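*Asks:* the following comprises the amino acid sequence and a computationally predicted model.
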Amino acid sequence: MSEKVNLTADDFQLLPADRQTDSEKILKPSVSFLKDAWRRLKKNKGAFISLWVLVFVFIVAFGSTPIANSKVTAQQDVTVQNLPARLPGVLGDIPGFTGEGKLDGTKVDQYKSAGVSDKKNFWFGTDQFGRDIFKRVLYGTRISLEVALIATLMDLVFGVTYGIISGWRGGKTDIVMQRIIEIVSSIPNLVVFVLLILVMKPGMLSISLGIALTSWTSMARLVRAQVLTAKEQDYILAARTLGSSTWRIGLRHLVPNLSSTIIVQLMFTIPSAIFFEALLSFIGLGIPVPMASLGTLLNDGQKAMQFYPYQLVIPAVILGIIMIAFNLLGDGLRDAFDPRTKD
């Protein structure tokens with residue numbers, strides 16, 4: 001047997017007030033899931049810069065309505081047709097934005113040749129009808145973003161709802177709904193757009209509806225896969241045991257836990273919709289005249305590319321910046337919402 005140990009009052013001493021044990025020390029502050037995702041996103045420089053680039057593009061595009069609407073951008077003036085870009089003040093010394101062009105191998109001030117005042121500048125030049133390309137780019141960017149946002153909203157509502165129902169119900173319902181997705185996915189996108197144009201008037205609604213009808217399947221499949229995994233989790237089983245209705249479980253538990261997956265998928269859906277709208281407008285199936293989008297600007301610019309390349313390059317650069325920014329932001333959000341990502 002062990003020896004008996006007698007303890008005295010001297011064996012008990014109070015710790016100093018400023019002393020803490022390692023087990024009680026909090027190494028990191030407690031943060032919510034969204035704050036932690038925001039912190040991770042800020043560490044990704046490419047995604048964070050892309051976020052602010054897109055914020056700037058949205059503000060400029062939607063804030064320019066008074067100076068870049070359908071009436072203003074459709075105004076023609078053949079006296080100032082095909083003028084090169086010229087910026088005001090000191091910025092006018094930047095190569096390519098001086099307002100000069102080559103005529104018979106020599107540089108000439110085309111603004112002076114056209115009798116344009118020194119105070120009047122076309123930042124991105126003019127097209128063959130004398131329309132201001134800068135205003136048309138602002139208007140076209142806004143139209144492309146609006147089409148993409150409308151199509152994405154339809155994709156969000158229908159695709160997410162379809163995927164949740166398919167994954168939650170399972171069994172024969174899931175089998176039938178997945179076969180419908182396979183049938184829809186097998187139909188070529190251009191066939192759907194041509195049929196819509198024959199039935200509906202060409203415009204933003206028909207294009208947005210066409211993009212939504214052909215792109216919702218990816219969202220539905222992704223959501224369905226997540227629901228199949230989530231519905232077997234303990235918190236879902238507890239909610240069902242407590243008698244929660246299916247709608248309550250879907251709105252209070254499934255949708256919040258699927259939000260990160262949905263947001264990331266949307267960040268890849270929006271640029272795809274913008275690019276597809278540009279493609280349709282480029283081949284003449286998109287936005288009708290006198291409206292403009294990035295696709296119609298590219299279509300107009302490629303016709304004059306040999307002599308006036310800036311009419312094609314500027315809209316192409318704007319479209320490229322938007323596409324790259326959305327894809328970088330989507331990659332950043334995917335890493336930010338993944339708890340397995342290392343700090």
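*Replies:* Received it, and whenever you're ready, just let me know what you need. Computed from a predicted structure; not experimentally measured.
*Asks:* neighbours of Ala230, how many?
*Replies:* By the criterion of other C-beta atoms under 10 Å, Ala230 has 19 neighbours. Bear in mind the C-beta positions are built from the backbone N, C-alpha and C, glycine included.
*Asks:* my read: Gly286 touches Gly295, true?
*Replies:* Yes. Taking C-beta atoms under 8 Å as the definition, Gly286 is a contact partner of Gly295 at 5.3 Å.
*Asks:* give me the common contacts of the two.
*Replies:* Listed contacts common to Gly286 and Gly295 are Glu277, Ala278, Leu280; contacts here mean C-beta atoms under 8 Å, 6 or more residues apart in numbering.
*Asks:* the closest residue to the first one other than its chain neighbours - how many residues pack around it?
*Replies:* Of all residues not flanking Glu277 in the chain, Val147 sits nearest, at 4.8 Å (C-beta to C-beta, 6 or more residues apart in numbering). Using other C-beta under 10 Å, the number of residues around Val147 comes to 28.
*Asks:* now name the helix or strand holding Val147.
*Replies:* Counting by DSSP states H and E, the element that carries Val147 is helix 133-154.
*Asks:* can you name the element that comes right after that helix?
*Replies:* Downstream of helix 133-154 (by DSSP H and E), the next one is helix 160-169.
*Asks:* what are the buried residues along that following helix?
*Replies:* Val160, Tyr162, Gly163, Ile164, Ile165, Ser166, Gly167, Trp168 (16 or more other C-beta atoms under 10 Å).
*Asks:* farthest pair in those?
*Replies:* Val160 and Trp168 (12.0 Å; C-beta to C-beta).
*Asks:* quickly list what's touching both of the two.
*Replies:* In contact with both Val160 and Trp168: no residue, using C-beta under 8 Å, 6+ apart.
*Asks:* residue contacts, the residue sitting nearest the centre point of the chain?
*Replies:* Centroid-nearest residue in the chain: Ile270, 4.2 Å away (criterion: C-alpha atoms, centre = their mean). Ile270 sits next to Ala148, Leu149, Thr152, Phe326 when contact means C-beta under 8 Å, 6+ apart.
*Asks:* ok, the first one to Val57 distance?
*Replies:* Read that as Ala148. 12 Å (C-beta to C-beta, to the nearest Å).
*Asks:* neighbour count winner among these two?
*Replies:* Counted by other C-beta under 10 Å, Ala148 and Val57 do not tie: Ala148 has more neighbours, with 25 against 18.
*Asks:* the more buried one - nearest residue in space that isn't next to it in sequence?
*Replies:* According to C-beta to C-beta, 6+ apart, the nearest residue to Ala148 is Ala273 (3.9 Å).
*Asks:* and the one you found, which of the three is it?
*Replies:* Secondary structure, DSSP: H, G, I helix; E, B strand; the rest coil: Ala273 is helix.
*Asks:* quick one: pLDDT of it?
*Replies:* We have a pLDDT of 81 for Ala273.
*Asks:* OK, contacts around it?
*Replies:* Val147, Ala148, Ala151, Thr152, Ile211, Ser215.
*Asks:* check contacts around Leu298.
*Replies:* By C-beta under 8 Å, 6+ apart, the contact list for Leu298 reads Ala278, Ser281, Phe282, Leu312, Pro315, Ala316, Leu319.
*Asks:* work out for me the element the first one sits within.
*Replies:* Remark: Ala278 resides in helix 255-282, with elements defined by DSSP H and E.
*Asks:* again with the last one
*Replies:* Element membership of Leu319 [criterion: DSSP H and E] is helix 310-336.
*Asks:* in that helix, which residues are buried?
*Replies:* So helix 310-336, judged by 16+ other C-beta under 10 Å, has buried residues 310-312, 314-316, 318-319, 322-323, 325-336.
*Asks:* and if you look at stretch 123-133?
*Replies:* Buried residues in stretch 123-133 (16+ other C-beta under 10 Å): Trp123, Phe124, Gly125, Thr126, Asp127, Gly130, Arg131, Asp132, Ile133.
*Asks:* picking that back up, relative to helix 133-154, how tilted is the helix holding Ala278?
*Replies:* Angle, helix 255-282 to helix 133-154, by axes from the mean of the first three to the mean of the last three C-alpha atoms, to 10 degrees: 140 degrees.
*Asks:* look up how far Arg221 lies from Thr152.
*Replies:* Distance from Thr152 to Arg221, counting by C-beta to C-beta: 17 Å.
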